[in-house]
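> With the input below, show me the fold.
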Amino acid sequence: MTSLTDYFLVAMPTITDYAFNESVIYVTHHDVANGAVGVIVNKPLKQTLKNAFKDLDIGEYNPGWVNTPLYWGGPLAVDNGFVLHRTGAADKHIYELTNNRNVLTDIAASAEKDKLFISVGYVAWSDYQMENEIKHNDWLVVKADSGLIFDVDASVRYSEALNLLGIKNPGQVYCGGEVFA
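Numbering: from 1, shown residues only. Okay, here's the model as predicted:
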């Protein structure tokens, strides 16, 4: 299977687990033999960055960020904040996930200073786990579009991700059988 780094995984309507129901996951790293890492990009918490972290004054980096929503990025490491940021390297994937707060200074000084995504938690798969979930129709796969993360309201990211696949109505998605690759 080709690497799915820089792709979205879009939850099939049959996923009912709250953690992944109607989730859109940006895959930041994928290697079939070693697993994958990503972040859910469409589940904002009822909290802004202003008071999200006790030891971080987000306004020091950019006053415009204080009202930016904090996202639930997945069930792993939920006690840690993670920043989705541009890698800056043309030969690598577009975005990566880090919990190094120094990247905030870089983003604040960049041309993309208005594009900030911070989550608590992330998602990960062991070797071949994601491939098996795709094979069993848990996920739809589509090339990521950063505009969906940074320019589209979180409340419609799931339907917009389906639109990237040409699906206008989630009820149109057939969920039976297995896909054999």
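
> quick one, phi psi at I15?
phi -80, psi 120 (degrees, to the nearest 10).

> And A108, by the same measure?
Taking degrees, to the nearest 10 as the convention, A108 sits at phi -60, psi -30.

> Next, count neighbours for it.
One way to gauge burial is a neighbour count; for A108, by other CB atoms under 10 Å, it gives 17. Glycine gets a C-beta too; all of them are placed from N, C-alpha and C.

> I'd say it and P63 touch.
No. A108 sits out of contact with P63 when judged by CB atoms under 8 Å, with a separation of 9.9 Å.

> which regions of this structure sit below the pLDDT cut-off?
Where the chain drops to pLDDT under 70, the residues are 1, 88-93, 172-181.

> in it, which spans are helices?
Using DSSP state H, the helices of the chain run over 102-108, 129-135, 146-150, 157-164.

> so where's the longest strand in this structure?
strand 76-86 (DSSP state E).

> What is that strand packed up against?
Other helices and strands packing on strand 76-86, by 3 or more CB pairs under 8 Å, 6 or more residues apart in numbering; DSSP states H and E, are strand 95-98, helix 102-108, strand 117-125.

> can you list contacts of that strand?
26, 28, 39, 41, 52-53, 56, 70, 72-73, 94-101, 103-104, 106-107, 110, 112, 116-124, 149 (CB atoms under 8 Å, 6 or more residues apart in numbering).
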